[in-house]
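S.K.: okay, here's the prediction I keep looking at, along with the sequence it came from:
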Amino acid sequence: MSTPTAQPARRRLAAIVAAAAAALMAGASPAAAQAAGARAVSGGAWGTAREVTGLAALNQGGFANITSVSCASPGTCSAGGSYTDSSGGGQAFVVSEAGGRWGTAEQVPGTAALNQGGHAFTNAVSCAAAGTCSAGGFYFDGSGHRQAFVVTEVNGTWGTAQEVPGTAALNQGGNAEIISVSCAPAGTCAAGGIYTDSSGHHQAFVVTKA
């Protein structure tokens, strides 16, 4: 039978082993894996918050936020949200971290063409592996209808956003968006959200990326 004093030590050891194993599975060097274990035993202290690099230049309208963050391994994460441009329009952005360093925020590629209505938002981000993530949200088209988009990051580079396949037929009421995204280590993802049917009723949809 374990004593009360032994249990915390065992939990700390389990945390060290789990963090190191996760780092090794993600392709980290043995030294990096050891460092991950050391961070785990230290209690995972939070660093100091700082402004998202590059967002000040994008956020000319003075209102930006992050709505979703996902990490594939220690020091490898992606995040997304929105900012307001100089015309007062809302734009969707993503930003990625590699090797413990955050890169520069960028407008979600492809949303400039999609977002004719001037309001877009990244609602959800999920990462399957280092530099491999998917995200989703919404934009307003030229008719003022809200449409759902998805976008994928491969090897650290974000691809071009697209309207979620199939939602054009479903979204007769003009009010669709991705609310949640989840990706597995194999790179497959699933996402879900809402749309409005021709009767004005909100309906749920799911979509899968193989």
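M.R.: Okay, I see it.
S.K.: shaky segments in this structure?
M.R.: Counting by pLDDT under 70, the ranges of the chain that qualify are 1-43.
S.K.: where do the strands sit along it?
M.R.: With DSSP state E, the ranges of strands along the chain come out as 65-73, 76-84, 90-98, 101-102, 106-107, 120-129, 132-140, 146-154, 157-158, 162-163, 177-183, 189-196, 202-209.
S.K.: pull the contacting residues for Val206.
M.R.: The contact partners of Val206, taken as C-beta atoms under 8 Å, 6 or more residues apart in numbering, are Ala190, Ala191, Gly192. To be clear about C-beta, it is placed using only N, CA and C from the backbone, and glycine gets the same treatment.
S.K.: buried ones among those residues?
M.R.: Ala191, Gly192 (16 or more other C-beta atoms under 10 Å).
S.K.: just name the closest of the contacts of Val206 to Gln91, please.
M.R.: Closest approach to Gln91 among these (C-beta to C-beta): Ala191, at 20.4 Å.
S.K.: quick one, what contacts the closest residue to the closest one other than its chain neighbours?
M.R.: Using C-beta to C-beta, 6 or more residues apart in numbering and skipping the chain neighbours, the partner closest in space to Ala191 is Val181 (4.5 Å). Under the criterion of C-beta under 8 Å, 6+ apart, the contact list for Val181 reads Ala124, Val125, Ser126, Ser134, Ala135, Gly136, Val150, Cys189, Ala190, Ala191.
S.K.: check Tyr139 too.
M.R.: Applying C-beta under 8 Å, 6+ apart, one finds that Tyr139 lies in contact with Ala92, Thr111, Leu114, Asn115, Gly117, His119, Ala120, Phe121, Arg146, Gln147, Phe149, Ala161.
S.K.: and the residues you listed as a markdown table, adding neighbour count and distance to Pro74?
M.R.: Compiled in a markdown table, those are given as follows (neighbours: other C-beta atoms under 10 Å; distance: C-beta to C-beta, whole Å):
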| residue | neighbour count | distance to Pro74 |
| --- | --- | --- |
| Ala92 | 30 | 27 |
| Thr111 | 23 | 30 |
| Leu114 | 21 | 34 |
| Asn115 | 25 | 34 |
| Gly117 | 17 | 39 |
| His119 | 17 | 35 |
| Ala120 | 26 | 31 |
| Phe121 | 26 | 28 |
| Arg146 | 21 | 36 |
| Gln147 | 23 | 36 |
| Phe149 | 28 | 29 |
| Ala161 | 27 | 28 |
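S.K.: switch these over to TSV; also include distance to Arg50.
M.R.: Formatted as TSV, the entries for these read as follows, by distance: C-beta to C-beta, whole Å:
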residue	distance to Arg50
Ala92	21
Thr111	25
Leu114	30
Asn115	28
Gly117	32
His119	27
Ala120	25
Phe121	23
Arg146	32
Gln147	33
Phe149	28
Ala161	27
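S.K.: hang on, the earlier thing: out of the contacts of Val206, who's nearest Gly54?
M.R.: The nearest member of the contacts of Val206 to Gly54, counting by C-beta to C-beta, is Ala191 at 25.9 Å.
S.K.: could you chop the chain up by domain?
M.R.: Structural domains annotated on the chain: 6-41, 55-209, as defined by automatic domain parsing.
S.K.: out of the ones you listed, deepest packed?
M.R.: The highest average neighbour count among the domains of the chain, using mean count of other C-beta atoms under 10 Å, belongs to domain 55-209 at a mean of 18.
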